[in-house]
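**Student:** One predicted model, sequence on top.
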Amino acid sequence: MTTGESWGRTFRASQKLSPRNWAQDELPGTRGEESLLPYGLGKSYGDSCLNDGGILMPTGSLDRFIRFDRNSGILRCEAGITLETILRLCVPEGWFLPKKTSSQAALNAIDFSKLSDILL
């Protein structure tokens with residue numbers, strides 16, 4: 001077990017770490033009694049990045065582009081990509097994200113199958 005704390009340092013938790021480096025990797029087995037929580041950049045002020053007694057699955061290594069159609073603006077990428085990285089690819093091609101988070105955190109909250117909806 002590893003002890004972790006939220007970015008805002010308001011909570012601590014004891015959890016097992018099971019990093020995911022490739023999208024094809026199998027999910028860690030939970031045997032039914034342990035919960036599994038994917039973990040992005042860890043910029044949450046609350047406790048959303050903690051899974052006390054369960055398995056925390058860091059996804060920061062899932063930061064690769066899969067496909068970018070420069071004509072339609074449709075981008076497919078892994079969950080660990082940051083807005084900064086996306087902008088470095090899209091802006092030179094004439095595309096921009098109309099909305100961004102205050103911290104430019106990973107795009108974990110966006111449905112990547114509908115990413116074209118947020119590209120101009």
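**Tutor:** Received, thanks.
**Student:** Next, count neighbours for the nearest residue to Asn21 once chain neighbours are set aside.
**Tutor:** Spatial nearest neighbour of Asn21, excluding adjacent residues (C-beta to C-beta, 6 or more residues apart in numbering): Ser61 at 4.3 Å. (C-beta placed from N, C-alpha, C; glycine too.) Counted with other C-beta atoms under 10 Å, residues neighbouring Ser61 total 13.
**Student:** thought Ser61 was touching Ala23?
**Tutor:** No. At 10.1 Å, Ser61 does not count as touching Ala23 under the criterion of C-beta atoms under 8 Å.
**Student:** Can you give me the distance of Ser35 to Leu97?
**Tutor:** 32 Å (C-beta to C-beta, to the nearest Å).
**Student:** what about the two, which has more around it?
**Tutor:** Leu97 (19 against 13).
**Student:** Model confidence score at that one, please.
**Tutor:** Here, the pLDDT recorded for Leu97 equals 81.
**Student:** Which strand or helix spans it?
**Tutor:** Assigned by DSSP states H and E, Leu97 belongs to no helix or strand.
**Student:** likewise Glu26?
**Tutor:** Per DSSP H and E: nothing holds Glu26, as it lies in no helix or strand.
**Student:** Can you read off the pLDDT for it?
**Tutor:** At Glu26, pLDDT is 79.
**Student:** Then Pro92?
**Tutor:** For Pro92, the model assigns a pLDDT of 91.
**Student:** swap in Leu115?
**Tutor:** Reading off the model, Leu115 has pLDDT 44.
**Student:** list the buried ones in the longest strand seen in the chain?
**Tutor:** Counting residues, the longest strand in the chain under DSSP state E turns out to be strand 12-17. By 16 or more other C-beta atoms under 10 Å, the buried positions in strand 12-17 come out as Ala13, Gln15, Lys16.
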